[in-house]
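Asker: missing the sequence, but the structure's below:
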């Protein structure tokens, strides 16, 4: 910094200007700045009438201090500095202003006496450190908290005194930093405290023991002075004792404490209580580290806690209580468990326990035939619970999402075909008109949940077969609750399985639409022929619909004439088409006159054919009806039971038993009454027999055989030559349904017989494609 003073005043003000210049020099020298003074001689003011003179002459001179002898050490200044140091140690006021003391140090250093000044100062500091040690020893207390509090007070006093002394000797610190390798005053003071205080009388061991004792008490729930602990720990950090001594002992004591605590509590406490205790411990240690420990120590402490509280006992914890947590939907406890496992790298073990629980209870739902009625609803509820756990407790992590999907897919397919069949029937029940009480949103939600379970099924062709049969009944018998919902389900199936899966199902809807349009033309045709006939016919494409076994029955002449009339109408518009009537799916309206009034009975074709015969006879036996109708006995039994033993009894049976024998007699119920004009009499539905179920399964296997054949030919056409094992593996990779190796082997033999493949002449396990 340059201080410039220019004299350009009359001689009368020259003394004032000199005083100002001296003040500037003093201030600059006090602040240790380089000073340059510009001095201009006395200049007289020119007369007003005088002409202006030429340029003024400025003289610049260097500042020169009074000559003095600097070879001897300034004892007088040191005496005052020593008194100041003693006053700081004694906590008394300074007799000399601090700015004067600062100037004394500056001048002494300027005279090249900084080394001797430093040596004398260090000697005084060492004497003070010895006195501090004596004070600590005198104030020693057997109580850990008292000892640490006194040590903390002495340490804070020592540091504040050292800072005050360093402020006075700041110039000395700077000179040492620039000219020598001596430690600065702060580092030197810490070294003195370490050497003459802490390393004497086993104070280090005592301090560490007291610290660990206080931390132990805090862990056990006692109140401690955290401020004192924080200051003492920081003292150890400043003295470089924290890393070398305290941290190792602290971690060792923590390891011993948590190892013993975990071994005791993991047995005594229930799993939720133990998990909450561990979480509390984690929070406490995190708070402890943030308050008075070092961050690096916190990381090491975390590893110790994870090892002793979680890792060592994780398998025991999962075996002891994980299943109960899953079963009772303890979402908060599961969230805690997930967080602790994630800290301790134990997510794989948690995932294994989760999958084990899902498999165990999932198999109970799927494999128990007694629970088939409620299987789909049980799977939906179970899936919702599992989804809730994954979403709310496991943070919807991909690991658990994929584990959930794989586990459901695994246990659902343990029982082949049955889950697919029941899902199809469950959707059928929801889509039938009997469930109109469900709102659209609720129905759509249930259907979405059902299709979610459907996604886990490998044998989707089984679902297709049963769903097609149920859909046919809903469409033909007009039992569907909502056509829009039917098409929505079809759209979802198409998105899930592709258009090839839903092609025939869509063809069924198309047949219904075409038939409706045809019925409009039929009604126009009947009106043109002046025929009073209400006839509706559904023409179905055989390949799109399930196959129905024809049931022979002698129909009333009115029905036969109606059929022949429609046949003539249809063949006039469509040549070379064969019509096969499916009477089991037909229904009609019969007008019945009872003494109580005329009723319109909505009945099946077989029921109508049976009732018509009572126009000519009041009483008919079962044998007579069987002879008249030529109807299969089981179908006739169900028909008569629906008319005489159901809710609407238009016929009377002479016996009260449900069984029907040849001698049973049936007559019209003259006392029949019903408040409604139109009455629907439901046909008793024959339960699916084991033979019919087996036939359905056989039909599914026949369809699968074609798929296996196609897969084998496709693979061999591309490979040309393959060994038996390689061909089997590639076929399994292409098929989307479960099958056995023996099934594939049979199809390979069939293809060899049909000359699609041939065996190698030298190796029977090698196959060649025959172009």
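Answerer: Yes, it's here. Computed from a predicted structure; not experimentally measured. Residues are numbered from 1 along each chain as shown.
Asker: which residues of this protein score low on pLDDT?
Answerer: Along the chain, the model assigns pLDDT under 70 to residues 1-71, 177-181, 433-437, 685-698, 771.
Asker: measure the one residue sitting closest to the centre of it to residue 388 for me?
Answerer: Centroid-nearest residue in the chain: residue 396, 1.0 Å away (criterion: Cα atoms, centre = their mean). According to Cβ to Cβ, to the nearest Å, residue 396 stands 11 Å off from residue 388. C-betas here are computed from N, CA, C, even on glycine.
Asker: now swap in residue 739 and tell me
Answerer: Distance of residue 739 to residue 388, computed by Cβ to Cβ: 35 Å.
Asker: who's more crowded, these two?
Answerer: Just comparing residue 739 and residue 388: by other Cβ atoms under 10 Å the higher neighbour count belongs to residue 739, 19 against 13.
Asker: pretty sure the more buried one contacts residue 708?
Answerer: Yes. Contact criterion Cβ atoms under 8 Å: residue 739 and residue 708 qualify, at 6.9 Å.
Asker: what about residue 599, which SS state?
Answerer: For residue 599, the secondary-structure state derived from DSSP: H, G, I helix; E, B strand; the rest coil is strand.
Asker: what's across from it in the sheet?
Answerer: When assigned by DSSP bridges, residue 599 has beta-bridge partners residue 592.
Asker: contacts only, for it.
Answerer: Shown in contact with residue 599 (Cβ atoms under 8 Å, 6 or more residues apart in numbering): 591, 592, 672, 674, 676, 677, 678, 679.
Asker: strands - which of those land there?
Answerer: Counting by DSSP state E, the contacts of residue 599 place 591, 592, 678, 679 in strands.
Asker: how many residues are close by the closest residue to the third one other than its chain neighbours?
Answerer: The shortest distance from residue 678 to any non-neighbouring residue, by Cβ to Cβ, 6 or more residues apart in numbering, is to residue 600 (4.6 Å). Applying the criterion other Cβ under 10 Å, we find 13 residues in the vicinity of residue 600.
Asker: gap between residue 600 and residue 677?
Answerer: Distance, residue 600 to residue 677, by Cβ to Cβ: 6 Å.
Asker: now do the shared contacts for those two.
Answerer: Shared contacts of residue 600 and residue 677 (Cβ under 8 Å, 6+ apart): none.
Asker: SS state for residue 414?
Answerer: coil.
Asker: then residue 421?
Answerer: Strictly by three-state DSSP, residue 421 counts as helix.
Asker: who are the contact partners of it?
Answerer: 462, 463, 466.
Asker: turn the residues you listed into CSV, including neighbour count, distance to residue 503 and secondary structure.
Answerer: Output for those, formatted as CSV (neighbours: other Cβ atoms under 10 Å; distance: Cβ to Cβ, whole Å; DSSP: H, G, I helix; E, B strand; the rest coil):
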residue, neighbour count, distance to residue 503, secondary structure
462, 24, 17, helix
463, 22, 15, helix
466, 23, 17, helix
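Asker: show me which of the residues you listed is closest to residue 645.
Answerer: Within the contacts of residue 421, the smallest distance to residue 645 is 29.4 Å, found for residue 466 (Cβ to Cβ).
Asker: show me the contacts for that closest one.
Answerer: 420, 421, 424, 425, 696.
Asker: surely the third one touches residue 467?
Answerer: Yes. Contact between residue 424 and residue 467 holds when scored by Cβ under 8 Å: they sit 4.0 Å apart.
Asker: which parts of stretch 211-229 are buried?
Answerer: 211, 212, 213, 214, 215, 219, 224, 228, 229 (16 or more other Cβ atoms under 10 Å).
Asker: just flag the most distant two among those.
Answerer: Spatial extent of these (Cβ to Cβ) is set by the pair 219 and 228 at 16.8 Å.
Asker: any idea how far residue 315 is from the residue lying closest to residue 95 once chain neighbours are set aside?
Answerer: Spatial nearest neighbour of residue 95, excluding adjacent residues (Cβ to Cβ, 6+ apart): residue 83 at 6.3 Å. For residue 83, the distance to residue 315 equals 72 Å [Cβ to Cβ].
Asker: touching stretch 368-388 from outside, list them.
Answerer: With Cβ under 8 Å, 6+ apart as the contact definition, stretch 368-388 has outside contacts at 329, 331, 358, 361-362, 364-366, 404, 408, 412, 418-419, 422-423, 426, 446, 449-450, 452-453.
Asker: so for that stretch, what gets flagged as buried?
Answerer: In stretch 368-388, counting by 16+ other Cβ under 10 Å, buried: 372, 375, 376, 377, 378, 379, 380, 382, 383, 386.
Asker: then stretch 92-106?
Answerer: Neighbour-count burial for stretch 92-106 flags 94, 101, 102, 103, 104, 105, 106 (criterion: 16+ other Cβ under 10 Å).
Asker: any residues touching it, and which ones?
Answerer: With contact meaning Cβ under 8 Å, 6+ apart, stretch 92-106 is reached by 30, 32, 74, 77, 80-81, 83-84, 87-88, 117, 167-172.
Asker: quick one: terminal-to-terminal distance for that stretch?
Answerer: Stretch 92-106 has an end-to-end distance of 24 Å (criterion: Cα to Cα, to the nearest Å).
Asker: next one: it to chain centre, how far?
Answerer: Centre-to-centre, stretch 92-106 and its host chain are 69 Å apart (Cα atoms, centre = their mean, to the nearest Å).
Asker: picking that back up, ok, of the ones in strands among the contacts of residue 599, which come out buried?
Answerer: The buried subset of the ones in strands among the contacts of residue 599 - by 16+ other Cβ under 10 Å - is 592, 679.
Asker: any idea which of the ones in strands among the contacts of residue 599 is the one closest to residue 324?
Answerer: Using Cβ to Cβ, the shortest approach to residue 324 within the ones in strands among the contacts of residue 599 belongs to residue 679, at 55.3 Å.
Asker: for the closest one, list each beta-bridge partner.
Answerer: Bridge pairing for residue 679 - DSSP bridges - gives residue 601.
Asker: list the contacts for it?
Answerer: Residue 679 is in contact with 599, 600, 601, 602, 648, counting by Cβ under 8 Å, 6+ apart.
Asker: go on, residue 620?
Answerer: By Cβ under 8 Å, 6+ apart, the contact list for residue 620 reads 613, 614, 628, 665, 666, 667.
Asker: pull up the pairing partners for the host helix or strand of the last one, direction included.
Answerer: In this case it means residue 667. Assigned by DSSP states H and E, residue 667 belongs to strand 665-668. Counting by DSSP bridges, the strands paired with strand 665-668 are strand 619-621 (antiparallel), strand 651-653 (antiparallel).
Asker: inside helices: which ones of the contacts of stretch 368-388?
Answerer: Counting by DSSP state H, the members of these that fall within helices are 331, 358, 361-362, 364-366, 404, 408, 412, 418-419, 422-423, 426, 446, 449-450, 452-453.
Asker: among those residues, the buried ones, what's the ChimeraX command?
Answerer: Remark: buried members of those, expressed as a ChimeraX selection using 16+ other Cβ under 10 Å:
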select :358,361,362,365,366,404,408,412,418,419,422,423,426,446,449,450,452,453
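Asker: stretch 483-490: which residues count as buried?
Answerer: Neighbour-count burial for stretch 483-490, counted by 16+ other Cβ under 10 Å, picks out 485, 486, 488, 489, 490.
Asker: sort out for me which of those residues are in strands.
Answerer: The strands, defined by DSSP E, take in nothing from the buried residues of stretch 483-490.
Asker: if we can go back for a sec, could you single out the nearest of the buried residues of stretch 92-106 to residue 498?
Answerer: So of the buried residues of stretch 92-106, ranked by how close each gets to residue 498 (Cβ to Cβ), first place is residue 102, at 90.7 Å.
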